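In: Give me the fold of what follows.
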Amino acid sequence: MFQNFSLLTQNKLSSELLLSSVFINILSLALPFTMLQIYDRILPNEAYGTAVVLVVGVGIAILLELLLRYARSWLLASSAANYELTTISKLVDSLMKADYHHMESLGSGAIAQGLKGVGEMREVYSGQAAVAMMDLPFVMIFLGLVAYIGGPLVFIPILVWLIAGVRVWQIGQKLSNTTSKLNISENERTQLLMLVLSGLTTAKSMALESRVTYAYKKVNHQRLAQQNEIDWLSSKLQEVIQGAAQLTTLALVLIGCLEVLNGNLTTGGLAACSILAGRAVAPLSAIGSLRAKIINAQHAMLEVNALIDAPQESFNASQMYQQKLPIGPIRFEHVSAKQTGAKLSDINIEIPSGSIVNVTSNPLTHASLMLSSIGAFHQVNQGQITIAGIALNDHVGFEFRQSISYVPPWATLLSGSILENMTLFRHEREAYAMELADKLGLSATIAQLPAGYQTLVANNNSQMLNKGAIKLISLVRAFSQSPSILLLDQPMVSLDTDSQQRLLALLQEYRGEMTIIIASYFDEIAQLSDFCIDISQHGHATLVNKPGAN
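Out: Numbering: from 1, shown residues only. Below you'll find the model as predicted:
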C-alpha cells in the first residue's frame, strides 16, 4: 500500500489530483446534510421554501461533483499515458546500455514480462485503484462525522472492517505469493516459446517435438493451476468485501433504528449516518476488490525496476574522439576471462592496426570469448584490453559501439524491411549497403522476393529466407557501418561456396581500412589473414606472424 502512495506522490499532477479529491469529497457532504435537514426540520415544519433552496443547492453540488470526477478521470488517464511513455523510454534506454551478460542471464522471458509489466503498472496511476487511494484519507473525516451525529454507531463500520481487514490481509498474502509464482511460470513459458519459435527448424530437424511439447505442457499446466488459484482467491476476496459492505449497512440500519426508537437519534441523523458510512467504506471496498490488480502492479513494478536498475556497460567516457575510434593497435595486457565452456588465461599480445587476424582454438568457444571481450560484451576478470593505448572502458559508449561491429555465428534479424536490416535504419547508407549486397551475391536472392529489399522480416515472413541469406544480411549490416574494428565469429558458416569466395574477396578489399578479427577453422581464412592467434585448451594464446601472407 505504501508503495502505491509513493507512486502517486511521484505523479507530476499529484497536487491537482489531490486538490480535486478534496473538493469532490467536500461536495459529497451536501447530500447527507441535506437529508438530515429534510427529515429533522423541513418535514416537521413543512418548510417548502427551504426545501426548494436545499434541493437546488444539492443539485448544483452533485453537478459540480460530477464535473470534478470527470476532470480527475481525464487527469488520471493523461498522467497514466505520460507515465507509461516515460517509463518505456527509460526502460528501453536502460536495456540498450545494460551489460550484455546480465541481460543474457535474465533471459528473454523476464525481459518480455518486464516490458509487459509497464502496462499493468498503469493501474496505480489510473482507474478505480488510484481513485480509491486518493479518497482513502477522507475515510477518517466521514467516520468522524458519523461519530458526531450518531455517536456509538461509528463503531459498527470500524469493527466490521477491522474483522474484514484481517481476512483481506490473509487472502492478500496468499494472493501475493501465488502471483509471484505465476510470474515465474509465465517467464518460463514465454522464454520457452521464444526459444522454440526462433529455432523451430532446428527443433524439427533434431526431432525434439515430443520433448518440447512435454516441457511446454508441464510449464503451462503449472501456470494454469496457479492462475486458477489466483482467480479463486480473487473471487473469495470479492465476496468478503461485498459481505462486509452489506453487513455494515444492515447493522447500521438495525442498530440505528433502535437508537431512533429510544430517542437517542433522529430519523435524519440515521439517514445521514447511513450515507456517510457508505462514503467511508467505499474506498476500502474499492481497494479490497482491486487487491489482485494492485498486487499484480506491485510485482510488475519490481520486474520493471529490475530492468531499469540493471548493471550498465562500464564506459566512463574519459577519452572522447568525437568520431570513430582508431583502427588499432589492439593490445591484450595480462588479460584473463572466463565463461561457461571458454576461458582466456594471462594473454599478452598486440594486434597491429589494419591487419586481418584469424583466431583459432579447440573448442572454438575460446576464440569467440576473445572476440566478445574485444567488443566489450564480456568483462575481463583480470588485465585490460586497449585500443590505440586507451582501455576499452575509457571510451564513450556511443563512439565505441559505432566503431566496432560484431557478427555472431547465428545472426538474427530486426523487425523491419531487409534494407532497414542492412543499414540499421540509416537511410543515408542504403546505396552503400546495396552495393555490398551485390558484391556478396545477396542481391540475386533478394530479387526473387516479391517486395525485394522492402520485404518485411523478423516476424513470420523471415521463414522465406534461408540461414545463408540471413548471414549475408548480417555481414552487409556490419560492413555498411564502416567500423574501425570488425569482429567476425565463424563467418563462413551457413554460406555456400560462391558466397564464401565473395566474402573472402570482400575481406581482401577492406584489408588495411579496418582491423578484422575472425574466429574460424576454415583454411581459406587462415590463408587470407596476416596473423594467426592460436588459443590452447587452457586459454593461453600465441600470436603467429605469417610471412608472405597477402
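In: Next, the contact list for residue 408, please.
Out: By C-beta atoms under 8 Å, 6 or more residues apart in numbering, the residues touching residue 408 are 474, 489. (Each C-beta comes from the backbone N, C-alpha and C, glycine too.)
In: what's it sitting at in phi/psi?
Out: With angles defined as degrees, to the nearest 10, residue 408 sits at phi -80, psi 170.
In: Look at it and report its pLDDT.
Out: Residue 408 is assigned 92 on the pLDDT scale.
In: One more: residue 380?
Out: The per-residue pLDDT of residue 380 was computed as 90.
In: Look up the closest residue to it, ignoring the ones flanking it.
Out: Take residue 380 and drop its neighbours on the chain: the residue closest to it by C-beta to C-beta, 6 or more residues apart in numbering is residue 337, 4.4 Å away.
In: tell me which strands and helices the biggest helix by length in the chain is in contact with?
Out: Secondary structure assigned by DSSP state H gives helix 209-261 as the longest helix of the chain. Helices and strands touching helix 209-261, by 3 or more C-beta pairs under 8 Å, 6 or more residues apart in numbering; DSSP states H and E, are helix 155-198, helix 267-289, helix 291-308.
In: tell me the angle that helix makes with helix 155-198.
Out: 170 degrees (axes from the mean of the first three to the mean of the last three C-alpha atoms, to 10 degrees).
In: Go through the helices and strands packed on helix 209-261 and name the closest to residue 544.
Out: The closest of the helices and strands packed on helix 209-261 to residue 544 is helix 155-198. By C-beta to C-beta, the value is 37.8 Å.
In: Run the chain-centre distance for the closest one.
Out: Computed by C-alpha atoms, centre = their mean, to the nearest Å, the chain-centroid distance of helix 155-198 equals 20 Å.
In: Got the phi and psi for residue 519?
Out: The phi/psi pair for residue 519 (degrees, to the nearest 10) reads phi -100, psi 110.
In: And it, what's its pLDDT?
Out: Looking at residue 519, its pLDDT reads 96.
In: Ok, residue 534 next?
Out: Turning to residue 534, the model gives it a pLDDT of 94.
In: Need the contact partners of the strand or helix carrying it.
Out: In this assignment (DSSP states H and E), residue 534 forms part of strand 531-535. By C-beta under 8 Å, 6+ apart, the surrounding residues in contact with strand 531-535 are 344, 349, 351-352, 355-361, 366-367, 370, 526, 541-546.
In: And this structure, what are its domain boundaries?
Out: As assigned by automatic domain parsing, the chain contains the domains 2-308, 330-545.
In: Quick one, which of the ones you listed gets closest to residue 320.
Out: With C-beta to C-beta as the yardstick, what comes closest out of the domains of the chain is domain 330-545 (5.3 Å).
In: what about the strands in the protein?
Out: If DSSP state E is used as the criterion, the strands of the chain fall at 330-339, 342-351, 356-361, 382-387, 390-391, 404-407, 416-417, 456-457, 485-489, 515-519, 531-535, 541-545.
In: Dump these to TSV, plus mean neighbour count and distance to residue 468.
Out: Below are the strands of the chain laid out as TSV (neighbours: other C-beta atoms under 10 Å; distance: least, C-beta to C-beta, whole Å):
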stretch	mean neighbour count	distance to residue 468
strand 330-339	18	28
strand 342-351	19	26
strand 356-361	24	21
strand 382-387	18	32
strand 390-391	14	37
strand 404-407	22	14
strand 416-417	18	19
strand 456-457	19	14
strand 485-489	25	15
strand 515-519	25	18
strand 531-535	20	26
strand 541-545	14	31
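In: just to revisit the earlier point, now do the strand holding residue 534 against strand 356-361, angle only.
Out: 20 degrees.
In: can you tell me which residues contact the closest residue to residue 362 other than its chain neighbours?
Out: Excluding its sequence neighbours, the residue lying closest to residue 362 (C-beta to C-beta, 6+ apart) is residue 537, at 6.4 Å. Residue 537 makes contact with 361-362, 366, according to C-beta under 8 Å, 6+ apart.
In: next one: residue 470
Out: Applying C-beta under 8 Å, 6+ apart to residue 470 gives the contacts 411-413, 462, 494.
In: Which of those ranks first by neighbour count?
Out: Among these, the one with the most neighbours (other C-beta atoms under 10 Å) is residue 413, at 20 neighbours.
In: you'd agree it is up against residue 473?
Out: Yes - contact criterion C-beta atoms under 8 Å: residue 413 and residue 473 qualify, at 6.7 Å.
In: which residues do those two both contact?
Out: Counting by C-beta under 8 Å, 6+ apart, the contacts common to residue 413 and residue 473 are 421, 465.
In: coming back round to it: who wins for proximity to residue 513 among the helices and strands packed on helix 209-261?
Out: helix 155-198 (34.0 Å).
In: and the closest one with helix 291-308, angle?
Out: Relative orientation of helix 155-198 and helix 291-308, computed by the same axes, to 10 degrees: 50 degrees.
In: Also compute the angle for helix 155-198 relative to helix 267-289, please.
Out: Going by the same axes, to 10 degrees, helix 155-198 makes 20 degrees with helix 267-289.
In: so what secondary structure elements neighbour helix 155-198?
Out: Contacts defined by 3+ C-beta pairs under 8 Å, 6+ apart place helix 155-198 against helix 100-125, helix 139-150, helix 209-261, helix 267-289, helix 291-308.
In: most packed of those helices?
Out: Among these, helix 267-289 has the highest mean neighbour count (mean count of other C-beta atoms under 10 Å), at a mean of 23.
In: What is it packed up against?
Out: Using 3+ C-beta pairs under 8 Å, 6+ apart, helix 267-289 is in contact with helix 30-37, helix 128-135, helix 139-150, helix 155-198, helix 209-261.
In: Out of those, which is closest to residue 482?
Out: Set against residue 482 and scored by C-beta to C-beta, the helices and strands packed on helix 267-289 come closest in helix 155-198, at 29.4 Å.
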